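have a look; sequence and predicted model below, questions after that.
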Amino acid sequence: MAKGIQLYLNAGLLSGIASEIAEGADGIGLYRTEIPFMLHQRFPSESEQIDVYKQVLSAAGERPVVMRTLDVGGDKPLPYFPIKEDNPFLGWRGIRLSLDHPELFLVQLRAMLQAAGKGNQLQILLPMVSNLDEIDQTLTYLEQAFTELNQELNTILVRPKVGVMLEVPALLYQLHDVAKRVDFVSVGSNDLTQYLLAVDRNNPSVSSLFDSYHPGILRALKMAVDECKQYDLDVSVCGELAGEPYGALLLVAMGYHKLSMNQASLARINYLLRRVSQQELSELLSTVLCQSNGQQVRTLLGQFLQQHDLADLINP
Ligand code: PEP
Ligand code: MG
């Protein structure tokens with residue numbers, strides 16, 4: 001088994017979290033808060049949010065929960081907050097929207113802090129960060145929420161760890177500065193692929209070009225993990241790639257130790273990673289990184305699985 005690998009759950013709906021965690025996840029690596037927002041007819045109030053976040057934390061038992069702040073815009077509209085844009089994926093989404101609406105953002109941060117109380121399970125993750133100022137502004141709001149709550153509740157809450165999604169390519173080149181500001185990075189391979197390849201992830205006309213196995217994407221992912229290690233920045237992957245057998249093999253080969261995925265992938269990836277060694281993965285990766293396109297990469301990975309009698313994981 002590739003050593004010390006932790007597998008986390010991606011979640012958004014409340015139902016099923018407790019049993020999914022019990023099936024062997026090390027925690028929740030991505031809780032998409034936009035899902036409960038989408039299920040409402042209006043912005044949920046602070047107390048409604050506290051209630052949802054408490055349920056998520058308690059469903060995870062004692063294990064860590066990475067809660068992402070609202071990531072609407074792009075392909076995720078809120079029915080009660082319509083946004084009309086020509087290029088929604090390059091537009092007003094994720095942290096941009098939250099920072100333009102501090103009254104909403106502060107409510108969400110306050111709700112998260114109150115749900116976590118004095119426990120240390122909560123970690124806060126920021127989506128679609130494209131520059132360092134967004135991190136600094138967020139940390140200021142978080143500090144404001146923290147100070148106000150401690151006064152209002154006459155207590156000392158626990159300061160959560162804070163992380164950013166690595167989805168916008170420019171941030172790849174600023175990891176040294178990111179590391180001075182936050183505790184961890186979570187690679188959003190879905191959006192990172194979309195932005196590195198300039199391919200709309202939801203446009204069927206170019207879907208064949210959306211390829212996370214493109215050698216350029218793989219090199220970017222390798223660079224990200226190497227740089228994070230260099231700067232002592234905790235790093236995980238929470239995009240779809242982490243839950244795919246080929247993707248999980250490559251990410252572990254690169255040196256990622258934390259993968260977060262949908263419940264449907266957990267058992268399969270756990271089974272797979274127990275049957276391969278880091279040594280053979282390193283050899284595989286060196287060959288993979290020399291390929292010239294994603295198809296060649298997939299062919300090599302298919303052969304690797306066949307040699308290990310694991311091809312059924314791809315075509316069960
Ligand atoms: C990603 O972009 O990889 C990601 C996990 O975020 P989402 O799919 O919610 O945009
Ligand atoms: Mg994303």
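Ah, there it is. Ligands and ions are numbered 1, 2, ... in the order given.

what distance separates stretch 84-101 from the middle of the whole chain?
The chain centre lies 18 Å from the centre of stretch 84-101; the measure is C-alpha atoms, centre = their mean, to the nearest Å.

and it, which residues are buried?
88, 89, 93, 94, 95, 96, 97, 98 (16 or more other C-beta atoms under 10 Å). Bear in mind the C-beta positions are built from the backbone N, C-alpha and C, glycine included.

kindly reformat those as TSV containing secondary structure.
As requested, the buried residues of stretch 84-101 are arranged in TSV below (DSSP: H, G, I helix; E, B strand; the rest coil):
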residue	secondary structure
88	helix
89	helix
93	coil
94	coil
95	helix
96	helix
97	helix
98	helix
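
mind putting these in a markdown table, distance to ligand 2 and pLDDT included?
Rendered in a markdown table, the data for the buried residues of stretch 84-101 read as follows (distance: C-beta to the ion, whole Å; pLDDT from 0 to 100):
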| residue | distance to ligand 2 | pLDDT |
| --- | --- | --- |
| 88 | 13 | 90 |
| 89 | 10 | 92 |
| 93 | 9 | 94 |
| 94 | 8 | 96 |
| 95 | 11 | 98 |
| 96 | 13 | 97 |
| 97 | 13 | 96 |
| 98 | 14 | 97 |
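
among these, which two are most distant?
With C-beta to C-beta as the measure, no two of these lie farther apart than 89 and 98, at 17.0 Å.

tell me which residue of this structure is furthest from the middle?
Distance from the C-alpha centroid of the chain, by C-alpha atoms, centre = their mean, peaks at residue 154 (33.5 Å).

how much space is there between that residue and residue 148?
Residue 154 sits at a distance of 12 Å from residue 148 (criterion: C-beta to C-beta, to the nearest Å).

same question for residue 281.
Here the criterion is C-beta to C-beta. By it, residue 281 lies 48 Å from residue 148.

neighbour count: these two, which is higher?
Per other C-beta atoms under 10 Å, whichever of residue 281 and residue 148 has more neighbours is residue 281, with 20 against 13.

what helix or strand is that one on?
Per DSSP states H and E, residue 281 falls inside helix 278-288.

show me which residues of the protein are close to ligand 1?
Residues of the chain lying close to ligand 1 (C-beta under 6 Å from any ligand atom) are 30, 32, 71, 167, 188, 189, 190, 191, 238, 239.

which ones among those map onto helices?
189, 190, 191 (DSSP state H).

spatially nearest residue to the last one, not counting backbone neighbours?
Spatial nearest neighbour of residue 191, excluding adjacent residues (C-beta to C-beta, 6 or more residues apart in numbering): residue 167 at 3.7 Å.

quick check, that neighbour in contact with residue 186.
No - contact status for residue 167 versus residue 186: not in contact, 9.1 Å apart, counting by C-beta atoms under 8 Å.

the two: which is more packed in?
Shown here are residue 167 and residue 186; by other C-beta under 10 Å, residue 186 has more neighbours (28 against 24).

write down the beta-bridge partners of that one, one by one.
Bridge pairing for residue 186 (DSSP bridges) gives the partners residue 165, residue 236.

show me which residues of the chain sit near ligand 2.
Residues of the chain lying close to ligand 2 by C-beta under 5 Å from the ion are 167, 188, 191.

measure stretch 191-210 end to end?
Across stretch 191-210, the terminal residues are separated by 10 Å (C-alpha to C-alpha, to the nearest Å).
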